[in-house]
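K.L.:
Have a look; sequence and predicted model below, questions after that.
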Amino acid sequence: MTKKALTIAGSDSGGGAGIQADLRTFSFHCVHGMSAVTCVTAQNTQGVSRVDALSPEAVTAQVRAVVTDIGVDGTKTGMLLNEGIIEAVAEVVQELGIYPLVVDPVMVSRTGAQLIDDRAIATLTSCLLPQATILTPNRYEAQILSGLELNNLADMKQAAQKIHQLGSKAVLVKGGGMTGALKGVDVWFDGDTLTVFKTETVATPHTHGTGCTLSAAIAAQLALGASPSDAVEQGKNYVTQALHYAIPLGQGTGPVGHFFPLLPDLAP
Ligand SMILES: Nc1ncnc2c1ncn2[C@@H]1O[C@H](COP(=O)(O)OP(=O)(O)OP(=O)(O)O)[C@@H](O)[C@H]1O
Ligand SMILES: Cc1ncc(CO)c(N)n1
C-alpha cells in the first residue's frame, strides 16, 4: 500500500528548499508526496527577493482537500510565514488529527535571514509546537526558542532539553549552523533520552535546503512506519548522502542532490 506524506510549506522558485525539496525527498523515499502551499518566494541560490502569502483559508483548503480524500500517513510543516497562516494550520492539524507531525520551525535561515515576522514566532510557539511529534530547530531557531546562545555541544544539549518543555514530543537541535565538526551533529531529546546523532561534516558550500530535506525525510520515514528516533537517524543519513552530491548551481548556495544514486559523483 503506497504511503502518503504532506508538506505544508512555502515554494522556493529556485527549487532547492521549500515544497520543491520536500516533494523530491518524498519521491526518493517512494512515498506519495502532497503539498499545501503557504507562500510563494522569489528565491534563488543568493537569497529571497520577495514573498507573497496565500490566505489562511487557501492553505487549510489544500490540507482538507488531500486529507479528506487521499489520506495522510505523515506530515511536515515548513515556512508558515505569518500569524494567520500559523493559527489556521495549528487548528486544522488538530481538527483532522494529521499526526505524526514534524514541525520545522522555519524562522531564520542558516545564514541568519529572518523568514517570518516576530508575532508569528510567538504564535508558532504557543499553538503549533505543542502538537509536534518532532520539532527540528536550527542553531538560530534553537537560540530564539531556548533563550540560550549555542556555541558548543553542551549548549545544544541544554537547548534541546529546554525547548522540549515547550510541549513537543521530541526535539532535534540541528548543527548545520554551528562551526567545524558540529555542523554534522544534531542533538535529540524526547523527555527520556538525550542522543547525539553524528555524521561527518561534508565540506561543501552548497547546503541550500538541508533543513527542509531533513524534516521531509523524517516525515517520509514516519509515514513508512519508522519510530521517531529511527526516522531521525535515517533522515540524517539521507541528508548527509545528498550533501555529498550537492549541486553547484547559480552564483550562491546550491541545493543538495536529492537523487544522489542517479547523479555523477561531484564530491571533490
Ligand atoms: N556541512 C554539513 N555536513 C554534514 N551535515 C550537515 C552539514 N550542514 C548541515 N548538515 C546537516 O543537515 C541537517 C539540517 O541542518 P541545518 O542546521 O543545516 O538546517 P537548516 O538551517 O534548517 O537548513 P536550511 O535553512 O539551509 O534549509 C542537519 O542534520 C545537519 O546536521
Ligand atoms: C520556501 C522556503 N522554505 C524554507 C527555507 C529555509 O531553508 C527557504 N529558504 N525557503
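P.N.:
Cool, the structure landed. Numbers count the residues shown, from 1 in each chain. Ligands and ions are numbered 1, 2, ... in the order given.

K.L.:
mind checking the SS state of whichever residue of the stretch 51-200 of the chain sits closest to ligand 2?
P.N.:
Proximity of the stretch 51-200 of the chain to ligand 2 (CB to the nearest ligand atom) peaks at Met79, 3.8 Å away. Backbone N, C-alpha and C define where each C-beta goes, glycine included. Assigned by DSSP: H, G, I helix; E, B strand; the rest coil, the conformation of Met79 is coil.

K.L.:
quick one: pLDDT of it?
P.N.:
As predicted, Met79 sits at a pLDDT of 96.

K.L.:
Share the number of residues neighbouring it, please.
P.N.:
27 (other CB atoms under 10 Å).

K.L.:
I'd guessed it sits against Ile116; true?
P.N.:
Yes: Met79 is within contact range of Ile116, at 7.2 Å (criterion: CB atoms under 8 Å).

K.L.:
if I pick Val63, what's in contact with it?
P.N.:
Val63 sits next to Leu6, Ile8, Ala36, Val89, Val92, Val93, Leu96, Ile98 when contact means CB atoms under 8 Å, 6 or more residues apart in numbering.

K.L.:
How about Lys162?
P.N.:
Shown in contact with Lys162 (CB under 8 Å, 6+ apart): Leu145, Ser146, Gly147, Leu148.

K.L.:
just checking, what packs against whichever strand or helix holds Ala88?
P.N.:
Assessed by DSSP states H and E, Ala88 sits inside helix 83-96. If you count contacts as 3 or more CB pairs under 8 Å, 6 or more residues apart in numbering; DSSP states H and E, helix 83-96 packs onto strand 32-44, helix 56-69, helix 118-123.

K.L.:
Filter the contacts of Lys162 down to the buried ones.
P.N.:
The neighbour count (16 or more other CB atoms under 10 Å) marks Leu145, Ser146 as buried among these.

K.L.:
Need the contacts of Lys162 in CSV (columns: distance to ligand 1).
P.N.:
Converted to CSV, these look like this (distance: CB to the nearest ligand atom, whole Å):
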residue, distance to ligand 1
Leu145, 13
Ser146, 15
Gly147, 19
Leu148, 16
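
K.L.:
Adding pLDDT, write the contacts of Lys162 out as a markdown table.
P.N.:
Putting these into a markdown table (pLDDT from 0 to 100) gives the following:
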| residue | pLDDT |
| --- | --- |
| Leu145 | 96 |
| Ser146 | 98 |
| Gly147 | 97 |
| Leu148 | 98 |
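
K.L.:
nearest to Ala220, of the contacts of Lys162?
P.N.:
Using CB to CB, Leu145 is the member of these that lies nearest Ala220, at 24.6 Å.

K.L.:
Touching, that closest one and Arg139? I think so.
P.N.:
No: counting by CB under 8 Å, Leu145 does not reach Arg139; the two are 11.0 Å apart.
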